[in-house]
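>>> Below are the sequence and a predicted model for it; my questions follow.
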Amino acid sequence: MTTETLDSTAGAAERRPSDAPRPARPVQPTPSTPPTHRALAVAAGIALIAGPALFFAGLATSPVQEGDDKVSYITSLALDATLTQVSAVLLHYGNLLMGVGVLALPWLVRGTRGAVAAVIGGLLAAVALLGNSGALFADWMHLELGRAIYLETAADISDAVLAHPAFQLCFGIAPLISVGLIVAAIGLARAGVIGWWSIPALVAGYAGMLFLPYSIPILPALGTLPMLAVLVLAGVRVLGRVRADRRVRGA
C-alpha cells in the first residue's frame, strides 16, 4: 500500500501543468454602442437620404440657360432672382448634407477588406462636397453682377475671380466628388455592402449632371439620379446597420 501511494505521488509530480484541465475563461459581455455614436450614425444616414433629395430639387429648379458661355450663364441667373436663390439654397444644403453623410461610409465596412478604399474615398468626397457647398455663394455674385453692369463686363469679372489659384484650391475641387465617391464605392463593393453596379451608376450620374443641357433643367436633374441613388442606398444601409446593432446588443 505504501508503494502504491509513493508511485501515485511521483506520477502526480511528473505530470506537466499543461496536462491539467484549464478553467474556462469567463465570457466578457459585449459593450453597448454609446448612444452618441448611434445618434451620429443615424444623423449620417438621414443626411445621405435628404442630401440627394435636396440636390435633385436644386438641379430641377435651376434657371433655364440657353447657351454654354459665361454670358448666357449670368443672364439666366439674373433674369429670375427668386428662382436663382431657391436653386442655390437647395444645392448648397444638398452638397452640405451629402458631405457630412459620406463620412459614415467607412463605418459600413466590417473587417479590413475594402476598408482603406472606403476611408480614402469617403474623406475625398466629403471635402469636395463641403467645398462645393460653399462655392454656391457665386450664384449670388453672378446674380448681382448680371443686374448691375453690362453682361460682358460681368463675365470678365467672373472669369477673373474664378481664375485665382487660391480660389480654385478652395472651391474648384468639385471633380474630387466623383473620384472620392467611386473610390469609396469600390471599398464598399469589396466589403459586400453594396454591389459593383454602383461604380457605373456613379459615372453615369456624374456625366448626366455635366453634359445634359441646362436649357431643360429637369434633364440634368434626372441624369444625376443613378449617382444619387447610390448615396441614398448607402444611407439606408447606415440606418439598417444601426437597427441591427440595437437588436444584437439588446439596446
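On my side now, so go ahead.
>>> Pull out the buried residues from stretch 169-180.
171, 172, 173, 176, 177, 178, 179, 180 (16 or more other CB atoms under 10 Å). Just so you know, the C-beta spots here come from the backbone N, C-alpha and C atoms, and that holds for glycine as well.
>>> Among those residues, name the ones in helices.
If you go by DSSP state H, the buried residues of stretch 169-180 have 171, 176, 177, 178, 179, 180 in helices.
>>> Return the item of the residues you listed having minimum pLDDT.
Least confident of these in the model: residue 171, at 85.
>>> now that residue: how far from residue 231?
21 Å (CB to CB, to the nearest Å).
>>> what do you get for residue 219?
20 Å.
>>> Looking only at neighbour counts, state which of the two leads.
residue 231 (28 against 17; other CB atoms under 10 Å).
>>> my guess is that one meets residue 104, correct?
No: if you go by CB atoms under 8 Å, residue 231 and residue 104 don't touch, sitting 11.0 Å apart.
>>> any idea whether residue 111 is helix, strand or coil?
Following DSSP: H, G, I helix; E, B strand; the rest coil, we place residue 111 in the coil state.
>>> wait, residue 228
Going by three-state DSSP: residue 228 is helix.
>>> That one: what's it in contact with?
The neighbourhood of residue 228, defined by CB atoms under 8 Å, 6 or more residues apart in numbering, consists of 52, 55, 56, 205.
>>> quick one, phi/psi of the residue nearest to the second one when sequence neighbours are not counted?
In space, not counting the residues next to it along the chain, residue 55 is nearest to residue 94; the distance is 3.1 Å by CB to CB, 6 or more residues apart in numbering. Main-chain dihedrals, residue 94, degrees, to the nearest 10: phi -60, psi -50.
>>> could you measure residue 94 against residue 108, distance?
Distance from residue 94 to residue 108, by CB to CB: 21 Å.
>>> Ok, residue 212 next?
30 Å.
>>> More neighbours: these two, which one.
The neighbour count for residue 212 versus residue 108, taken as other CB under 10 Å, is higher for residue 108 (23 against 18).
>>> From what I see, the more buried one and residue 237 are in contact.
Yes: contact status for residue 108 versus residue 237: in contact at 5.6 Å, counting by CB under 8 Å.
>>> any common contacting residues for these two?
residue 193.
>>> Surely residue 185 is in contact with residue 202?
Yes: in this structure, residue 185 is within contact of residue 202 by CB under 8 Å, at 5.9 Å.
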